[in-house]
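[1] Predicted structure and sequence below. I'll ask about it afterward.
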Amino acid sequence: MSSSGQRHYETWRIGALAGLALLMLLPVTLPVPVLRELVSERFGVSEFWTSLFMSINMVGAVLAAPLAGAAADRFGQRPRWIAAALVLDAVCFLGLTLELPFPVFMGIRFFEGCAHIFALSLLLGLSATARPTAQRGVTLGATGAGLLLGVAAGAPIGGFLGAEDPTRPLLLGALVVSVAAVLSLVLLRETGEAQGARPGFSEIRRVLGANRLLWVPLLFAFADRFTVGFFTSTFSLFLRNVHELEPARVGILIAIFMIPFALLSFPFGWVSQRSSRALLLCGGSLIYGVLVCSIGFWSGEALLIPMLATGTAAAVMFVPSMLMTTEMTPESVRTTSMGAFNAAGSLGFIVGPAVGGFVSQWVAGHYDWHTGYQAAFLVAGSAEILLALLAFPVLWRFERHGRALAG
């Protein structure tokens, strides 16, 4: 119990947040290495629709994330909401393994995204209020590391399981989120902020609407997930169609990108508590964007080093973007702001695979597939570079003079 009367998480419960984050995100990349077999060959659809499978669930996420945050800030009981959403997520994963018409298959994927992001937004909201302000970077860093380790582990496991049957990764996904639903009820509790008076929906809307600076970290969430969408769809198809790599090898290369991203998020969360968030966020984004631009120009054998470097640069900017979001909103609506953060990221994840599929297919129609994939990654990396250059002066001024909302 803090001096303010607020209850905060013990160290072991912070570890539980990280572990649950890992379980929630593990299913996200399980299907990536077998994307062609799971969608394109199974239903006989084009490259564009195959890429869209990795983003259609995020359409639901864009709608569900801010609603989840607002409901949690208004009513509390976040652990119960998380468990309920994860049960629905498990049912959707099982539904995706059935023999269904393609429109129904994509419809289930949409609702799977709603359930997944609902649970994730509330988990991040708990993480953002689990410790006092001075310790928030470490808390978000630990949760972020769990999220990214789950994403990193999913790809190689999915490649191994899906080698014979592309629906096996979906079955594992259902099992994992079911376990997470049970553990969330046992291990999580509402933080102290939930015990007092809660803002109404109109108050939540007024507080968030009054702070236009919040759009800046939300734009970074969009841009970052926009580029990650390329790695979960376009990159997988690039490795399969151009370099003719097996699913297991595709999963390994995606893991090589995600592992440093995950492992370094915690130490960079610690660093971000003691240094300039603006410099880490924009500097990391600039380097990351340059590396993403280069991905399509490496040979399959030489991709190891650039993937490691890209994952490292991504870790530099990940926690600072979440910290900026929490600093720009008061405690009473912080879950809503994290929901908005997730919604912006989900929107990026929708647009990323769709743009990657469209650009690669359009350029390939005029030249060849290799050139098409090169153009797609140039688009993704350039978006990150442009945002970093435009946002740095704004964030630097906020950091120097505008932290009145931090607390």
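    Received, thanks.
[2] what stretches of the protein score poorly on pLDDT?
    Residue ranges of the chain with pLDDT under 70: 1-7, 69, 71-76, 133-134, 192-211, 330-334, 401-407.
[3] Beyond the strand or helix carrying residue 225, next helix or strand please.
    Using DSSP states H and E, residue 225 sits in helix 215-229. Reading on from helix 215-229 to the C-terminus, the next helix or strand found by DSSP H and E is helix 235-241.
[4] Helix, strand, or coil at residue 329?
    Secondary structure, DSSP: H, G, I helix; E, B strand; the rest coil: residue 329 is coil.
[5] What is the neighbour count of the nearest residue to it once chain neighbours are set aside?
    Counting by C-beta to C-beta, 6 or more residues apart in numbering, residue 329 lies nearest to residue 337, which is 4.0 Å off, once chain neighbours are set aside. (C-beta placed from N, C-alpha, C; glycine too.) For residue 337, the count of nearby residues is 29 (other C-beta atoms under 10 Å).
[6] can you check the one 3 residues further on too?
    Residue 340 has 24 neighbouring residues, counting by other C-beta under 10 Å.
[7] and the residue nearest to residue 329, what helix or strand is that in?
    helix 334-366.
[8] I'd like the next helix or strand past that helix.
    helix 369-401.
[9] and residue 272, what does it touch?
    The contact partners of residue 272, by C-beta atoms under 8 Å, 6 or more residues apart in numbering, come to 137, 141, 280, 319-320, 323.
[10] Which positions in the helix or strand harbouring it come out as buried?
    Assessed by DSSP H and E, residue 272 sits inside helix 265-274. Burial within helix 265-274, assessed by neighbour count using 16 or more other C-beta atoms under 10 Å, is assigned to 265-266, 268-269, 271-273.
[11] starting at the chain centroid, how far to that helix?
    Centroid displacement of helix 265-274 relative to its chain, using C-alpha atoms, centre = their mean, to the nearest Å, is 18 Å.
[12] Stretch 160-171 now?
    23 Å.
[13] Please enumerate residues in contact with that stretch?
    Counting by C-beta under 8 Å, 6+ apart, 27, 30-31, 33-34, 37-38, 42, 93-94, 96-97, 154, 157-158, 172, 246-248, 251 sit against stretch 160-171.
[14] Now, those that are in helices?
    Using DSSP state H, the subset of the contacts of stretch 160-171 located in helices is 27, 42, 93-94, 154, 157-158, 172, 247-248, 251.
[15] Those into a markdown table, with extra columns for neighbour count and distance to residue 390?
    Shown next, in a markdown table, are the ones in helices among the contacts of stretch 160-171 (neighbours: other C-beta atoms under 10 Å; distance: C-beta to C-beta, whole Å):
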| residue | neighbour count | distance to residue 390 |
| --- | --- | --- |
| 27 | 27 | 35 |
| 42 | 16 | 42 |
| 93 | 28 | 39 |
| 94 | 16 | 44 |
| 154 | 29 | 33 |
| 157 | 21 | 38 |
| 158 | 32 | 36 |
| 172 | 19 | 41 |
| 247 | 25 | 39 |
| 248 | 16 | 40 |
| 251 | 31 | 35 |
